Structures are given as structure tokens and as C-alpha cells.
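Student: following is a predicted model, sequence given first.
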Amino acid sequence: MTDFEFPEFYSFPPFFTVQPVLSTREKQMALWRELILKYYTQRKLKTLVVHECPLWKNKDIDRQLSAEGIEDVMADLVKMGHGEWLDEQKTRCRILWRKPEQLASDIYEWAIANGNIGSVCTVYELHSGEDVNGMSFQGVDEDLLRRALSILEDEGRCALFKGDTSDEDGIKFL
């Protein structure tokens with residue numbers, strides 16, 4: 001984890017104890033969301049395996065979040081729209097680097113900025129193409145990318161076309 005720069009609050013021992021005062025706990029949960037999203041986005045990780053997440057423990061200050069605290073953090077992450085459970089046991093969570101609505105907006109802004117209105121591109125190009133380097137949707141989970149494209153289609157800002165393979169599915173920006 002040496003390439004990730006932890007925020008200052010990660011070294012604050014009370015951060016690892018769920019706070020009893022509601023207003024303080026809300027701020028604490030927001031900090032946990034920020035930390036998880038930053039960590040998983042920077043590392044391009046799409047799935048958080050609850051019992052393997054290295055963020056729950058800070059060895060430098062000998063503190064770790066309790067099992068109940070982890071449940072609270074994960075429940076908040078999902079409630080706020082930044083995570084989706086992948087199993088009924090709630091052991092694996094898809095991390096939504098950006099919400100589908102945010103991705104849809106980012107994709108359309110990219111299409112406008114790059115002169116792609118009226119043009120067709122493939123799902124693969126949006127996911128992994130050279131033109132999307134550094135964009136919020138580069139390398140994003142394909143299911144999430146397709147949900148964002150469905151939002152754009154519902155809004156009348158793109159049309160989706162079936163290709164021979166899912167990577168070859170086309171998008172025409174309107």
C-alpha cells in the first residue's frame with residue numbers, strides 16, 4: 001500500500017471507532033466513503049472483499065475497525081449509492097467509482113468535447129480506447145458502463161446498437 005497516500009484522518013485513532021454522536025458519525029461515514037472510493041479508484045479495483053480489505057486496519061497506530069463498524073461503513077457506502085452487494089452474504093461489494101448518473105454525464109461531456117456527437121463508437125472504445133485515457137469511465141466495470149449508457153439512451157442522448165460481441169456493441173451519440 002506504499003503507493004497510496006493515506007489522508008491525515010486515517011492516523012487518527014478515533015476514526016477506527018464508530019462514533020456515538022449522530023452528527024460526528026455522519027462525518028466519519030463520509031470520510032470512510034471518501035477513503036474507500038479514493039483507494040479503489042486510484043488502484044482501479046472494482047470489488048471490495050469485506051474480510052480482505054486492507055483499509056480496516058492501520059498497523060502504524062495499532063487500530064482496526066470492529067466487525068460492527070465494518071458493517072456500518074459498508075451499509076453507508078451502499079446506501080449512499082457508491083456500492084452494490086454482489087452476494088446475499090454481503091461479503092463482496094462492487095465499488096461504484098462514480099454513480100451511473102455521474103458516469104452518464106461524464107461520457108456525454110467527453111462525447112461533446114471530442115466531437116463525437118453524431119458519431120458511432122464501440123463499448124470497447126469507451127471502456128479501453130486511447131481516447132478515454134484519464135477519463136472517469138476508463139476501465140470501469142462493464143455492467144456499470146452499460147447502465148450509464150442506458151441512462152443516456154433513455155434521455156435521448158445516444159442510441160445503442162448490438163454488435164457481434166458485447167465489446168463490439170455500438171453507441172451513437174445524439
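Tutor: Arrived safely, thanks for sending.

Student: count of neighbours near residue 95?
Tutor: With neighbours defined by other CB atoms under 10 Å, the count for residue 95 comes to 19. Placement of C-beta: from N, CA and C, glycine included.

Student: please name the nearest non-neighbouring residue to it.
Tutor: Setting aside the residues directly before and after it, residue 95 is nearest to residue 40 in space (CB to CB, 6 or more residues apart in numbering), at 4.4 Å.

Student: list of residues touching stretch 141-149?
Tutor: Residues outside stretch 141-149 that contact it (CB atoms under 8 Å, 6 or more residues apart in numbering) are 46, 94, 96, 100-101, 103-104, 107, 123, 126-127, 137, 158, 160, 166, 171.

Student: check stretch 84-100 too.
Tutor: For stretch 84-100, the surrounding residues in contact (CB under 8 Å, 6+ apart) are 36-37, 40-41, 45-51, 74, 77-78, 81-83, 106, 136-137, 140-141, 143-144, 147-148, 151.

Student: 7 Å instead?
Tutor: Residues from elsewhere that reach stretch 84-100 (CB atoms under 7 Å, 6 or more residues apart in numbering): 36-37, 40-41, 45-51, 74, 78, 81-83, 106, 136, 140-141, 144, 147-148, 151.

Student: where in the protein is pLDDT low?
Tutor: Low-confidence regions of the chain, defined by pLDDT under 70, span residues 1-2.

Student: can you show me the helices along it?
Tutor: Under the criterion DSSP state H, the chain contains helices at 22-42, 67-79, 100-113, 123-128, 142-154.

Student: residue 60: which of these is closest?
Tutor: Proximity of these to residue 60 was assessed by CB to CB; the nearest stretch is helix 22-42, lying at 14.8 Å.

Student: for the closest one, packing partners?
Tutor: helix 67-79 (3 or more CB pairs under 7 Å, 6 or more residues apart in numbering; DSSP states H and E).

Student: any idea of the angle the helix it packs on forms with helix 22-42?
Tutor: Orientation note: helix 67-79 sits at an angle of 70 degrees relative to helix 22-42 (axes from the mean of the first three to the mean of the last three CA atoms, to 10 degrees).

Student: which strands or helices does helix 67-79 pack on?
Tutor: For helix 67-79, the helices and strands in contact under the criterion 3+ CB pairs under 7 Å, 6+ apart are helix 22-42, strand 83-85.

Student: need the contact partners of the longest one.
Tutor: Residues from elsewhere that reach helix 22-42 (CB under 7 Å, 6+ apart): 4, 7, 9-10, 15, 18-19, 48, 55, 73, 76-77, 80, 82, 95, 97.

Student: by neighbours, which of those residues wins?
Tutor: Top of those by neighbour number is residue 73, holding 24 neighbours under the definition other CB under 10 Å.
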